[in-house]
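[1] sequence and predicted structure are below.
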Amino acid sequence: MSEIRTEELLIAVIARLLGPCRHVAVGASSPIPAAGAMLRRAQGDGRMTVNLLGSEAQNRFTSGGVELFDCAAQGRIDAFFLGGGQIDGQGNINLVGIGDYPDNKVRWPGSFGSAYLYHLVPNVILFREEHSRRVFVPKVDFVSAPGISGPEVNRPGGPKALLTGMALFDFDRARPGFRLRSVHPGYTLRDIEENTGFAFEHEADPETTEPPDPATLALIRGPIAAQLAETYPRFAERVFGSPAASAAE
Amino acid sequence: MNEPFIDLDALAAAIPDGAKLAIPTDYSGVAMAATRALVRRGVRDLHLVCVPTSGIQADILIGTGAVATLETSAITLGEYGPAPRFTEALKTRSIRMMDATCPAVHAGLQAAEKGLPFMPIRGILGSDLLTIRPDWRVIDDPFAEAPAPIVLVPAIRPDVALFHAPLADRAGNVWIGRRRELITMAHAAVRTLVTVERIVDEDFFADEMRTAGVLPSFYVDGIAEAPRGAWPLRLWSTYEEDEAALSAYAAAARSAEGFRVWLDNEGSAVPMAAE
């Protein structure tokens, strides 16, 4: 087996985070979360439902675009993934832009379903590969969706974990704030501190993120890469090359 | 309209300047051939409602100056990067932006299809979207015993819903498969204009299996046949997106000049002889 790629580590970590989930939905333009969800499904008893938005082969919704949101309100979606141009230490996410709205210095696509799904899906995994102080800020410039809400708000959902290209954090909704769970191989606590703009709890000597074992890696490079190519051909090609070539590794 | 079958230019002519126009998201069924016809006719002052997001279709319309108001949860070219004309238009404040969140767009259309003035919706509380959308309100749930805030969004009633689907039958019924947001759009809109890959002799009401995915003709005001009408986007599993064409657009549209050149050359290009 060749060296483990960052994408493969992240896919394996996501599958671990999804452990007991029965129904996982993944938004558009999210190849790594999609692969992580399909990996978890492949490792389980075959009963986990994975719905990728924008896919036909990997999508069992039959009631149109609203079904994901209705399903979330019914408590039927266990996990979903959200990103953010900015994420702060309170778990607030900003998908709109940098600076004061509407005169943003930098403008991003928009809030998508975040303002709703963050409230309703119990295990929202925040995923942002770039780990830098421009992403992980003290306070977001625009709250697309808040990390926490007051007791008067009906809110079964919220952030569960934050996964980046350098580390994995848990989110404590009571405190609220992030706690470093593990640092990916090749990085140190100091790297995380230098590249994170908000305070977070951590052990003096944090654990290293466990890389995928050979069986998991084979699964990722074989069937998961092939399934992913149906929805994300460009990503699959870039990371895995052609599925036949990677299956032979 | 007694005769729903019209050509692309007649369909584009049926969308007046200033219309509130609802369009579906990239993977749903985007009427790109009709969009090129709209650009050719020089449509202006659209209020574009993206259900619930859009990509190249909105970016082209914005780039040509056709959009006055943009109501959407996001505009992105997906794997091809940010939507450059959208970004530029916001920088120069040349369009009025109504940032939304996906289920709020669906809820607004659902209110309209029920003839209701508004729809309550979960979530959104604590989001800055509530600050920048004064038309969204927060009330206390009138049925709750303790104070319980809940968001209301107003009905969205488009003047026209415009989308692309694989098939229509000779009676003007449109097969939308499981893309039921297209049905919601048609229910909510005053008029619905559709382009299809093919018009077929089959009667869609002859087989219950087919009927489950049909938008009946009484919602449909105009149908134009447009083979590969979603190009360069994909149409479900019918055909794949054109990676080269989408990459070329994403690169060209980064500058106003590049976009103009693209529009002159590629934008009016015809993928097949249909247009």
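    Nice, I can see it. Numbers count the residues shown, from 1 in each chain, chains lettered A, B, ... in the order given.

[2] show me what contacts the residue nearest to B:L125 when sequence neighbours are not counted?
    In this structure, B:L125 finds its nearest non-sequential neighbour in A:V153, 5.1 Å apart by CB to CB, 6 or more residues apart in numbering or on different chains. Placement of C-beta: from N, CA and C, glycine included. A:V153 makes contact with A:H119, B:L125, B:G126, B:P149 under the criterion CB atoms under 8 Å, 6 or more residues apart in numbering or on different chains.

[3] now swap in B:A22 and tell me
    Remark: with contacts taken as CB under 8 Å, 6+ apart, B:A22 is in contact with B:V49, B:V51, B:L109, B:I156, B:P158, B:V160, B:A161, B:L162, B:M185, B:A188, B:A189.

[4] which ones among those residues also lie next to chain A?
    B:V51 (CB under 8 Å from any CB of the partner chain).

[5] test my guess that B:L162 contacts B:K20.
    No: applying CB atoms under 8 Å, one finds B:L162 not in contact with B:K20, separated by 11.2 Å.

[6] neighbour count for these two, which is higher?
    Using other CB atoms under 10 Å in any protein chain shown, the more surrounded residue of B:L162 and B:K20 is B:L162, with 28 against 18.

[7] where does that one land in three-state SS?
    Assigned state for B:L162: strand (three-state reduction, DSSP: H, G, I helix; E, B strand; the rest coil).

[8] look up how far A:P212 lies from it.
    From B:L162 over to A:P212 the distance is 46 Å, taken as CB to CB, to the nearest Å.

[9] and if you look at B:P82?
    Where A:P212 is concerned, B:P82 sits at a distance of 32 Å (CB to CB).

[10] do A:L39 as well
    From A:L39 to A:P212 the distance is 9 Å (CB to CB).

[11] now do the shared contacts for these two.
    A:I11, A:A12, A:I220.

[12] looks to me like the first one is in a strand.
    No: applying three-state DSSP, one finds A:I11 to be helix, outside a strand.

[13] packing partners of the longest helix along chain B?
    Across chain B, the longest stretch assigned as helix under DSSP state H is helix B:102-113. Applying 3 or more CB pairs under 8 Å, 6 or more residues apart in numbering or on different chains; DSSP states H and E, one finds that helix B:102-113 makes contact with helix A:67-73, helix A:114-120, strand B:46-51, strand B:118-121, strand B:149-154, helix B:181-188.

[14] of those, flag the one that's most buried.
    Ranked by mean neighbour count under mean count of other CB atoms under 10 Å in any protein chain shown, the helices and strands packed on helix B:102-113 are led by helix A:114-120, which reaches a mean of 28.

[15] and that helix, how far out from the chain middle?
    Counting by CA atoms, centre = their mean, to the nearest Å, helix A:114-120 is centred 14 Å from the centre of its parent chain.

[16] what do you get for stretch A:12-30?
    8 Å.

[17] go on, stretch A:168-176?
    15 Å.

[18] anything in that stretch near chain B?
    No: if you take CB under 8 Å from any CB as the test, stretch A:168-176 misses chain B, and the best it gets is 12.6 Å.

[19] and for that stretch, what are the contacting residues?
    Outside stretch A:168-176, the residues that touch it by CB under 8 Å, 6+ apart are A:13, A:90-91, A:126, A:147-148, A:158-163, A:177-182, A:184, A:200-201, A:209.

[20] can you tell me which of those are buried?
    Taking 16 or more other CB atoms under 10 Å in any protein chain shown as the criterion, what is buried in the contacts of stretch A:168-176 is A:13, A:90-91, A:126, A:147-148, A:158-163, A:177-182, A:184, A:200, A:209.

[21] span of stretch A:193-210 from start to end?
    20 Å (CA to CA, to the nearest Å).

[22] buried residues in that stretch, which are they?
    Those would be A:N195, A:T196, A:G197, A:F198, A:F200, A:H202, A:P206, A:T209, for stretch A:193-210 by 16+ other CB under 10 Å.

[23] which secondary structure state is assigned to the residue nearest to the fifth one when sequence neighbours are not counted?
    With CB to CB, 6+ apart as the measure, A:F178 is the residue that lies nearest to A:F200, at 4.3 Å, once sequence neighbours are left out. Judged by three-state DSSP, the three-state class of A:F178 is strand.

[24] tell me who's in contact with A:F178.
    Taking CB under 8 Å, 6+ apart, we find A:F178 in contact with A:G89, A:G91, A:L162, A:F169, A:D170, A:F171, A:D172, A:F198, A:F200, A:E201.

[25] skip the chain neighbours and tell me the closest residue to whichever residue of the stretch 151-275 of chain B sits closest to chain A.
    Nearest residue of the stretch 151-275 of chain B to chain A, counting by CB to the nearest CB: B:R180, 3.1 Å away. Among residues not flanking B:R180 along the chain, A:G64 sits closest, at 3.1 Å (CB to CB, 6+ apart).

[26] how about that neighbour, what does it touch?
    Neighbouring residues of A:G64 by CB under 8 Å, 6+ apart: B:R178, B:R179, B:R180, B:E181, B:L182, B:I183, B:T184.

[27] quick one: the strands in chain A, in order.
    Under the criterion DSSP state E, strands of chain A are mapped to A:23-26, A:49-52, A:79-82, A:86-88, A:93-94, A:97-98, A:106-107, A:123-128, A:136-137, A:159-164, A:167-172, A:177-183, A:207-208.

[28] looking at those, spot the one closest to B:R96.
    The minimum distance between B:R96 and the strands of chain A falls on strand A:106-107, with 14.6 Å, by CB to CB.

[29] low pLDDT regions in the chain?
    Just going to use chain A. For chain A, applying pLDDT under 70 flags the ranges A:1, A:242-249.

[30] wrong chain, I was asking about chain B
    For chain B, applying pLDDT under 70 flags the ranges B:1-2, B:267-275.

[31] how is chain B divided into domains?
    B:8-100+B:157-265, B:118-154 (automatic domain parsing).

[32] can you tell me the closest non-neighbouring residue to residue 100?
    You didn't pick a chain, so chain A it is. Nearest residue to A:D100, sequence neighbours excluded (CB to CB, 6+ apart): A:D141, at 7.2 Å.

[33] please go with chain B instead
    That would be B:S73: by CB to CB, 6+ apart, it lies 4.8 Å from B:A100.

[34] so who does the one you found touch?
    A:110-113, B:50, B:52-53, B:99-102, B:104-105 are the contacts of B:S73 under CB under 8 Å, 6+ apart.

[35] give me that answer again for 6 Å
    By CB atoms under 6 Å, 6 or more residues apart in numbering or on different chains, the residues touching B:S73 are A:G110, A:S111, A:F112, B:P52, B:T53, B:A100, B:T101, B:C102.

[36] same question for B:G258.
    Counting by CB under 6 Å, 6+ apart, B:G258 touches B:A252.

[37] and what of B:S127?
    So, once contact is read as CB under 6 Å, 6+ apart, B:S127 ends up touching A:A115, A:V143, A:A145.

[38] how about the residues of chain B near chain A?
    For chain B, the residues in contact with chain A (CB under 6 Å from any CB of the partner chain) are B:27, B:73-76, B:78-79, B:87, B:90, B:97, B:99, B:101-103, B:106, B:122-129, B:132, B:147, B:178, B:180-181, B:236-237.

[39] mind listing which of those are in helices?
    Filtering the residues of chain B next to chain A for helices - DSSP H - leaves B:T87, B:L90, B:C102, B:P103, B:H106, B:L129, B:I132, B:E181.

[40] just the buried residues out of the residues you listed, in PyMOL syntax.
    Buried subset of these, written as a PyMOL selection, criterion 16+ other CB under 10 Å:
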select buried, chain B and resi 87+90+102+103+106+129+181
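
[41] so what's A:I14 up against?
    By CB under 6 Å, 6+ apart, the neighbours of A:I14 are A:P33, A:G36.

[42] likewise for B:T76?
    A:P109, B:A83.

[43] next: the one 4 residues further on.
    Contacts here follow CB under 6 Å, 6+ apart; on that basis B:Y80 touches B:L246, B:A250.

[44] how many other residues sit next to residue 26?
    You didn't pick a chain, so chain A it is. A:V26: 27 neighbours (other CB under 10 Å).

[45] not what I meant, chain B
    Using other CB under 10 Å, B:D26 has 23 other residues around it.
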